[in-house]
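Engineer: Predicted model, plus sequence, below.
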Amino acid sequence: VQLQASGGGLVQVGGSLRLSCAASGTIFGIAAMGWYRQAPENQRELVAVISSDGTTTYLDSVKGRFTISRANAKNTVYLQMNSLKSEDTSVYYCNADLLDRLGDPLPFTYWGQGTLVTVSS
């Protein structure tokens, strides 16, 4: 299984970007998909996560600005980022918690390669 993230880039403060992350390979089901970010010298932090039933959780600092969604048929998760701030500059990573053929969660998480988001003032 591979996760391919895309959509990062350079944007001005107040601008928008949409990140995408597609999972490919032998997939029986996906329990949850999420986005994390890590800036230099900072720990990786959870930005947003969406479960299989559509329940979402957000980092407090992005609430009202970012929206996570998923297209189950495409095994893809999106992160719409609006009103971007300079402090949103980071490498963004997607991840996915997969299910086995019996519907039980696998004991590990898959990660994408990261996509850089730079917000300039």
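Structural biologist: Yes, it's here. All figures in this text were calculated on a predicted structure; none of them were measured in a lab.

Engineer: When you work out contacts or count neighbours from here on, use the C-alpha atoms and nothing else.
Structural biologist: Noted.

Engineer: Quick check: phi and psi on the residue lying farthest from the centre of the chain?
Structural biologist: Note on the chain: the largest C-alpha distance from the chain mean falls to residue 102, namely 25.7 Å (CA atoms, centre = their mean). Per-residue torsions, residue 102: phi -90, psi 0 (degrees, to the nearest 10).

Engineer: How about the contacts made by it?
Structural biologist: The neighbourhood of residue 102, defined by CA atoms under 8 Å, 6 or more residues apart in numbering, contains no residues.

Engineer: can you tell me how far it sits from residue 23?
Structural biologist: 19 Å (CA to CA, to the nearest Å).

Engineer: Give the other helices and strands that the worst-scoring helix or strand of the chain on mean pLDDT contacts.
Structural biologist: In the chain, the helix or strand scored least confidently by mean pLDDT, DSSP states H and E is strand 105-111, which has a mean of 94. Strand 105-111 is packed against strand 2-6, strand 90-99, with contacts defined by 3 or more CA pairs under 8 Å, 6 or more residues apart in numbering; DSSP states H and E.

Engineer: Dump those into CSV; add distance to residue 47 and mean pLDDT as well.
Structural biologist: Below are those laid out as CSV (distance: least, CA to CA, whole Å; pLDDT from 0 to 100):
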stretch, distance to residue 47, mean pLDDT
strand 2-6, 15, 97
strand 90-99, 9, 97
